[in-house]
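Peer 1: everything below, folded, please.
(2 chains)
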Amino acid sequence: METRPLGETGHESTITTFGAIALNWLEQDGANQMVEAVLDAGVNHFDVAPTYGDAELKLGPKLRQHREEIFLGCKTGERDYDGARHKLERSLYRLGIDSIDLYQVHGLETQDELDTITSEGGALEAFREARDEGLVEHLGLTSHGDPDLIVDAIDRIDDLETVMFPLNPVVMARDDAEHDYEAVLERANEENIGTLVIKAFARGPWPDTDELPEEDRGYANWYQPVDRPDEIRERFEFAASQDVTSVVNPGDPKLVSMVLDAAERFEGMDESAQRSVMDAARHDDSPVPQQLHH
Amino acid sequence: MDVPETVRTALADRPVEGAVCLDAGAGVGNTTAGLLDAGARRVYTVTNDREHAEAVQERVGVAHRDRVVTVEGDLRETPLADDSVDLVAVHALFNVVPTAAFADIAAELTRVAKPGSHLVVDDYDPLPAEAAMRDLFAVENAAAELSGGESALTFYPAAMVRRCFTGEGWTFDGERTLLDPVPWTEDHVSAHADVAREAARTLPPKLADPLTAEIEATARAIGSESAGRMYSLAFRLPDEVGSG
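Peer 2: Model prediction:
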């Protein structure tokens, strides 16, 4: 599988990153098989979080068996020093490993949160300390919030090495600032920051829960994913043809093998075909940025 | 309003900034929106479709009263003065222009264009033989021909459009592919099926019934399809018209 430099980390990431949230919905045997299948496809970059049910625990056995083959990203949604330190130690314990390759600020949503993590006693202090101790190697950030906020975070965090954010034809067909994740990509590339794409396979938001109750949804994703092989392939081709490092699979385990196949067969999509995909998605609704209700 | 990538790409290297533009065949206002976004000083939007004229007025005209002039009129005979426009944009118009009107529209667009002005013509090449959408367009055209005596759709090849406008005195300035393949979404398919049904409805039942059945079956069988190519042709009018 094709690899690309992950910013200045020195790691060459495969063009697809395994989003290990998929393991949450599998029993341990199934989880082990999925990790083997992912490695067989050549994937070398995994991503997990403590908030993905028991995905960390289920990833553990195969992660330890194949530790050298896997560049592991993990993250924390804690914003202050103590919370972040605690969650890092807990993730190391649950994963059963000594160090994490990439530790990320998880799901940045507001300017206040950015202020908190960057201030004294904030999460980044814990990240940096852990880096000095060798518990983590690189620092990153993930968000499906406002593009402006992510760009601001890139500008304010000098030692940020990766950023994970949404990119798909639905948001790229939109011109307004609210959907301008292309600005994030551009800024990240100027700074030589590795770029990890999420929501590449989002078809749109789920219908209203009155119309379709949550328990009647066909997939575990909080958005409605594309789910046909040709659509998955088209979305992968589209996302990986942007100037990005790697594309994360949708979280539902039923979709993972189709993404692996698309990544192994990646050819690159020319601009007229990219416009074709964007044009077809022009009137679709977007699940990102997520509407936040507090 | 979001500007489609096709429009943005077609106008990308054209001198729209500060220009007086003509959007020939406005559609729902995408091209006018693209021209405004690219900095047009004024856009004349001419369409013979009242609903389209109203849609453009509502979507972009109201917000840019000083820059958009919506004209409901015939593109073979616009109220614009000779040599009054710096840039003419013809986005996805000709496929709905009957063959009999093509040359007259080309002449009219040339009449209103200033010496040295620019022209962009975007449209679809004829679909490849294996495209299922051809079947829908065929039955749509059959219904339209039987009903009103004219085809609903004609796909003029890029080479033919190019020759027509160079024949009017324009200098060819480049071609690019906007879409390849063209995404005919479920919305497009159902919109074309609606046009076809509408035409069939005017026919005696002996013709209307089998046509309508064929329209339904064809649209259902297609669902959606990506096929064909959308091109963009750029032209310039020479600065000075020769005295010969």
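
Peer 1: the helix or strand harbouring B:Met160 packs against which elements?
Peer 2: Using DSSP states H and E, B:Met160 maps to helix B:158-167. When contacts are defined as 3 or more C-beta pairs under 8 Å, 6 or more residues apart in numbering or on different chains; DSSP states H and E, helix B:158-167 sits against helix B:99-112, strand B:113-124, strand B:171-179, strand B:230-236. In this view, the C-beta of every residue, glycine as well, is placed from N, C-alpha and C.

Peer 1: for the lengthiest helix in chain B, name the packing helices and strands.
Peer 2: For chain B, the longest helix by residue count, based on DSSP state H, is helix B:205-222. With contacts taken as 3+ C-beta pairs under 8 Å, 6+ apart, helix B:205-222 sits against helix B:133-148, helix B:186-201.

Peer 1: tell me which residues in it are buried?
Peer 2: Going by neighbour count (16 or more other C-beta atoms under 10 Å in any protein chain shown), the buried part of helix B:205-222 is B:208, B:211-212, B:214-215, B:218-219, B:222.

Peer 1: report the distance from that helix to the chain centre.
Peer 2: In terms of C-alpha atoms, centre = their mean, to the nearest Å, the centre of helix B:205-222 is found 26 Å from the chain centre.

Peer 1: packing partners for the next helix-or-strand element following it?
Peer 2: Downstream of helix B:205-222, the next assigned helix or strand under DSSP H and E is strand B:225-226. If contacts are counted by 3+ C-beta pairs under 8 Å, 6+ apart, strand B:225-226 sits against strand B:183-184.

Peer 1: give the pairing partners of the strand it packs on; include direction for each.
Peer 2: strand B:225-226 (antiparallel) (DSSP bridges).

Peer 1: quick one: which of the helices and strands packed on helix B:205-222 is nearest chain A?
Peer 2: Nearest to chain A among the helices and strands packed on helix B:205-222 is helix B:186-201; the distance by C-beta to the nearest C-beta comes to 7.0 Å.

Peer 1: lowest average confidence, helix or strand, in chain B?
Peer 2: Across the helices and strands of chain B, mean confidence by mean pLDDT, DSSP states H and E is lowest for helix B:50-56: a mean of 89.

Peer 1: residues in contact with the very next helix or strand once past that helix?
Peer 2: Helices and strands here follow DSSP H and E; after helix B:50-56, the next one along the chain is strand B:68-72. For strand B:68-72, the external contacting residues (C-beta atoms under 8 Å, 6 or more residues apart in numbering or on different chains) are B:26, B:32, B:36, B:42-50, B:53, B:56-57, B:60-61, B:78-79.

Peer 1: dig out what the residue in chain B positioned nearest to chain A forms beta bridges with.
Peer 2: Using C-beta to the nearest C-beta, the closest approach of chain B to chain A is made by B:Pro183 at 3.4 Å. Per DSSP bridges, residues listed as beta-bridge partners of B:Pro183: B:Ser226.

Peer 1: burial of it, as a residue count?
Peer 2: Applying other C-beta atoms under 10 Å in any protein chain shown, we find 21 residues neighbouring B:Pro183.

Peer 1: and it, what is it in contact with?
Peer 2: By C-beta under 8 Å, 6+ apart, the contact set of B:Pro183 is A:276-277, A:279-280, B:224, B:226.

Peer 1: now do 6 Å
Peer 2: Going by C-beta atoms under 6 Å, 6 or more residues apart in numbering or on different chains, B:Pro183 touches A:276, A:279-280, B:226.

Peer 1: neighbour-wise, which one of those residues leads?
Peer 2: Most surrounded of these: other C-beta under 10 Å gives A:Ser276, at 28 neighbours.

Peer 1: what secondary structure does that residue sit in?
Peer 2: On the three-state scheme (DSSP: H, G, I helix; E, B strand; the rest coil), A:Ser276 is labelled helix.

Peer 1: helix/strand/coil for the residue of the stretch 101-250 of chain A found nearest chain B?
Peer 2: Nearest to chain B in the stretch 101-250 of chain A, going by C-beta to the nearest C-beta, is A:Asp175, at a distance of 4.7 Å. In three-state terms, and counting by three-state DSSP, A:Asp175 is coil.

Peer 1: from A:Ala200, how far off is it?
Peer 2: With distances defined as C-beta to C-beta, to the nearest Å, the gap from A:Asp175 to A:Ala200 amounts to 20 Å.

Peer 1: quick one: residues contacting the residue nearest the centre of chain B.
Peer 2: By C-alpha atoms, centre = their mean, chain B has its centre lying nearest to B:Leu93, at 1.3 Å. Contacts of B:Leu93 were listed using C-beta under 6 Å, 6+ apart, and they are B:24-25.

Peer 1: what about A:Gln242? Give its phi and psi, please.
Peer 2: The phi and psi torsions at A:Gln242 (degrees, to the nearest 10) take the values phi -80, psi 170.

Peer 1: around it, how many other residues sit close by?
Peer 2: Should you count by other C-beta under 10 Å, A:Gln242 turns out to have 19 residues around it.

Peer 1: same question, A:Met164
Peer 2: As a burial measure, A:Met164 scores 28 neighbours (other C-beta under 10 Å).

Peer 1: okay, and the beta partners of it?
Peer 2: With DSSP bridges as the criterion, A:Met164 is bridged to A:Thr142, A:Leu196.

Peer 1: contacting residues for it?
Peer 2: By C-beta under 6 Å, 6+ apart, A:Met164 lies in contact with A:142, A:196, A:198.

Peer 1: need the per-residue pLDDT for it.
Peer 2: At A:Met164, the pLDDT value in this model is 98.

Peer 1: state the distance from it to A:Ala84.
Peer 2: A:Met164 sits 17 Å away from A:Ala84, going by C-beta to C-beta.

Peer 1: ChimeraX command for the buried members of the contacts of strand B:68-72?
Peer 2: To isolate the buried members of those in ChimeraX, using 16+ other C-beta under 10 Å:
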select /B:26,32,36,42,43,44,45,46,47,53,56,57,60,61,78
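
Peer 1: how about whatever residue of chain A ends up closest to chain B, phi and psi?
Peer 2: Relative to chain B, the nearest point of chain A is A:Ala280 (3.4 Å; C-beta to the nearest C-beta). Note on A:Ala280: its backbone torsions stand at phi -70, psi -30 [degrees, to the nearest 10].
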